[in-house]
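1. Take this sequence and fold it.
(chains A and B)
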There are 2 protein chains.
Amino acid sequence: MEVKIITKILKANDEVAAELRREFDGKKIFCINLMSSPGSGKTTLLEKTIEGMKEKTKIGVIEGDITTSIDAERLQKTGAEVVEINTKPFGGDCHLEAGWIRESFHQMEAKGLDLLIIENIGNLVCPAEFDTGAHKNIVMLSVAEGEDKPLKYPLMFHKSDLLIISKSDLIEIQEFDIGKLLDNVKKVNPDIDVIIVSARKNTGIEEWIGWLNKNISIKK
Amino acid sequence: MEVKIITKILKANDEVAAELRREFDGKKIFCINLMSSPGSGKTTLLEKTIEGMKEKTKIGVIEGDITTSIDAERLQKTGAEVVEINTKPFGGDCHLEAGWIRESFHQMEAKGLDLLIIENIGNLVCPAEFDTGAHKNIVMLSVAEGEDKPLKYPLMFHKSDLLIISKSDLIEIQEFDIGKLLDNVKKVNPDIDVIIVSARKNTGIEEWIGWLNKNISIKK
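-> Residues are numbered from 1 along each chain as shown, chains lettered A, B, ... in the order given. Modelled structure (predicted):
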């Protein structure tokens, strides 16, 4: 009985997500869903990204957290339009659902929006199970987390279109083996794109912004 | 209706957990539940811990993962008795429940066991909601994850008796502010114990083993 209920929730979520994606297409908005463990550096990368793109690109952010608006406040300072979803009223949920994204999106002004960024809740498990309506799923993994994570959290890496390897300035001190990580991720997703960044050292940010711009132009 | 079902599951879990804790008490086994984000270094710390304790202490490990037995195999090499729970057959669950722990424990020989370690699934959200039957909950946070995590994942830090701050060799390079982290954690749990470790540099391991030995002796 449990499983049936879960399937039903997932099916309802998928339908809302598909509708929402059509709405984004109609409005020529490119939407990404950024997922990772807690503390892999999503918000720091987004600060750099918005700073680097905002002159030419109108960006909105839907910020998911169980509680607090720490990240939303950080991103608001970049000038992007930010809406915060706190899942605590929904029982401290560990993921975002398409219905909550739609509600948040409709609370935005969103006029002339080119790029909508969903910063999902820090969690490598549950967010991968729920389609948010985004066009691309992105998983971020910091080199502090270890090379085995694609094998241990395969659904997340399987569902993602792009892997961002973050905190690359720690590669040496962490004795991190990029080749091993790439081997592992290709086992669960041979088609995934990979970008290596360090927000601290400002490396890889241009490549990442280039990836976003290419996808934004496809939607226009 | 959903909420009712979840409550029922949680209540059933709590009952099994309480029974299991009584069973551990009867057998004079001290049981800990170790939780963290993916990649904070749980398995590496456990390798060091078991190596440092195994001469005097009989240790068992219940290893939780969605899939793979990478961590279980690493820990088996230390000579500890290890049982792996893969949650993939249960739908890729993001946490461990007391019933699965009990079943795994009953599969162990467990003769003369002093310490049972549950290595929970890498996730700062869901594992905190489920009592595993352990006597103490331990949350591990690597300095690569940032000082704000107790505020963003308050239930995890509220439910834990001990915070292990890991990868302390990265404090300088990460510009990590221990004082800020401690302020944040005290806001959600004023009584939590704190131990700072670096498995790489072998610091804090003695203090951690001392904490375990003190608790093991209380159960005898």
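
2. shaky segments in chain A?
-> The model of chain A has pLDDT under 70 over residues A:1-7, A:90.

3. give me that answer again for 80
-> Along chain A, segments meeting pLDDT under 80 span A:1-10, A:89-92.

4. does whichever strand or helix holds residue A:117 come close to chain B?
-> For residue A:117, the host element (DSSP states H and E) is strand A:115-119. No. Strand A:115-119 stays clear of chain B (Cβ under 8 Å from any Cβ of the partner chain), getting no nearer than 11.9 Å. All C-beta atoms are positioned from the backbone trio N, CA, C, and that covers glycine.

5. Check which residues of that strand are buried.
-> By neighbour count on 16 or more other Cβ atoms under 10 Å in any protein chain shown, the buried set for strand A:115-119 is A:115-119.

6. cool, stretch A:38-52 as well?
-> Neighbour-count burial for stretch A:38-52 [16+ other Cβ under 10 Å]: A:38-50, A:52.

7. which residues sit against it?
-> Applying Cβ atoms under 8 Å, 6 or more residues apart in numbering or on different chains, the external contacts of stretch A:38-52 come out as A:34, A:36, A:59, A:61, A:71, A:74-75, A:77-80, A:117, A:119, A:122-123, A:140-142, A:145, A:164, A:166-167, A:197, A:199, A:202, A:205-206, A:208-209, A:212, B:37, B:124, B:141-142, B:144-146, B:149, B:152-153.

8. Could I have the CA atoms of that stretch written out in CSV?
-> Taking Å, rounded to 0.1, in the frame of the first residue of the first chain, the C-alpha atoms of stretch A:38-52 are listed here in CSV:
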residue,chain,number,x,y,z
PRO,A,38,25.0,20.0,1.9
GLY,A,39,28.1,22.2,1.7
SER,A,40,29.3,21.4,-1.8
GLY,A,41,29.3,25.1,-2.7
LYS,A,42,26.1,25.6,-4.6
THR,A,43,25.3,29.1,-3.2
THR,A,44,28.9,30.3,-3.6
LEU,A,45,29.0,29.2,-7.3
LEU,A,46,25.6,30.8,-7.9
GLU,A,47,26.8,34.1,-6.5
LYS,A,48,29.7,34.1,-8.9
THR,A,49,27.5,32.9,-11.8
ILE,A,50,24.9,35.7,-11.3
GLU,A,51,27.6,38.4,-10.9
GLY,A,52,29.2,37.2,-14.1
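
9. thinking again about what came up before, of the contacts of stretch A:38-52, select the buried ones using a ChimeraX command.
-> Applied in ChimeraX, the following selects the buried portion of these according to 16+ other Cβ under 10 Å:
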select /A:34,36,59,61,71,74,75,78,80,117,119,122,123,140,141,142,145,164,166,167,197,199,205,208,212 /B:37,124,141,142,144,145,146,149,152,153
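
10. Please flag which of the buried residues of stretch A:38-52 sit within helices.
-> A:42-50, A:52 (DSSP state H).

11. what sits up against the longest helix seen in chain A?
-> In chain A, with assignment by DSSP H, the single longest helix is helix A:2-26. Identification of contacts with helix A:2-26 by Cβ under 8 Å, 6+ apart yields A:30-31, A:97-99, A:101-102, A:105, A:116, A:129-135, A:219, B:2, B:5, B:9, B:91.

12. List buried residues within the residues you listed.
-> For the contacts of helix A:2-26, a neighbour count by 16+ other Cβ under 10 Å gives the buried set as A:30-31, A:97-98, A:101-102, A:105, A:116, A:129-135.

13. Quick check: the two most widely separated of those residues?
-> A:30 and A:129 (22.9 Å; Cβ to Cβ).

14. picking that back up, which among the buried ones among the contacts of helix A:2-26 gets closest to residue B:159?
-> Nearest to residue B:159 among the buried ones among the contacts of helix A:2-26, counting by Cβ to Cβ, is residue A:129 at 23.7 Å.

15. State the distance from that closest one to residue A:120.
-> Residue A:129 sits 11 Å away from residue A:120, going by Cβ to Cβ, to the nearest Å.

16. Now do the shared contacts for those two.
-> Taking Cβ under 8 Å, 6+ apart as the criterion, residue A:129 and residue A:120 both touch residue A:95.

17. what about the strands in chain A?
-> Taking DSSP state E as the criterion, chain A carries its strands at A:30-36, A:59-65, A:81-86, A:115-119, A:136-142, A:162-166, A:193-196.

18. Name all residues that make contact with the closest residue to residue A:208 other than its chain neighbours.
-> With sequence-adjacent residues excluded and distances taken as Cβ to Cβ, 6 or more residues apart in numbering or on different chains, residue A:208 is closest to residue A:195, at 5.2 Å. Residue A:195 makes contact with A:162-165, A:204, A:207-208, A:211, according to Cβ under 8 Å, 6+ apart.

19. So what pairs up with residue A:195 in the strands?
-> Per DSSP bridges, the residues bridged to residue A:195 are residue A:164.

20. Next, name the residue at the spatial heart of chain A.
-> What sits nearest the mean C-alpha location of chain A, by Cα atoms, centre = their mean, is residue A:34, with 0.5 Å.

21. and that residue, what are its bridge partners?
-> Here residue A:34, judged by DSSP bridges, has bridge partners residue A:119, residue A:138.

22. Against residue A:177, how distant is it?
-> Distance, residue A:34 to residue A:177, using Cβ to Cβ: 24 Å.

23. From the contacts of residue A:195, keep the buried residues only.
-> The neighbour count (16+ other Cβ under 10 Å) marks A:162-165, A:204, A:208, A:211 as buried among the contacts of residue A:195.

24. could those residues be laid out in JSON lines, adding distance to residue B:173?
-> Below are these laid out as JSON lines (distance: Cβ to Cβ, whole Å):
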{"residue": "A:162", "distance to residue B:173": "26"}
{"residue": "A:163", "distance to residue B:173": "23"}
{"residue": "A:164", "distance to residue B:173": "20"}
{"residue": "A:165", "distance to residue B:173": "17"}
{"residue": "A:204", "distance to residue B:173": "18"}
{"residue": "A:208", "distance to residue B:173": "22"}
{"residue": "A:211", "distance to residue B:173": "27"}
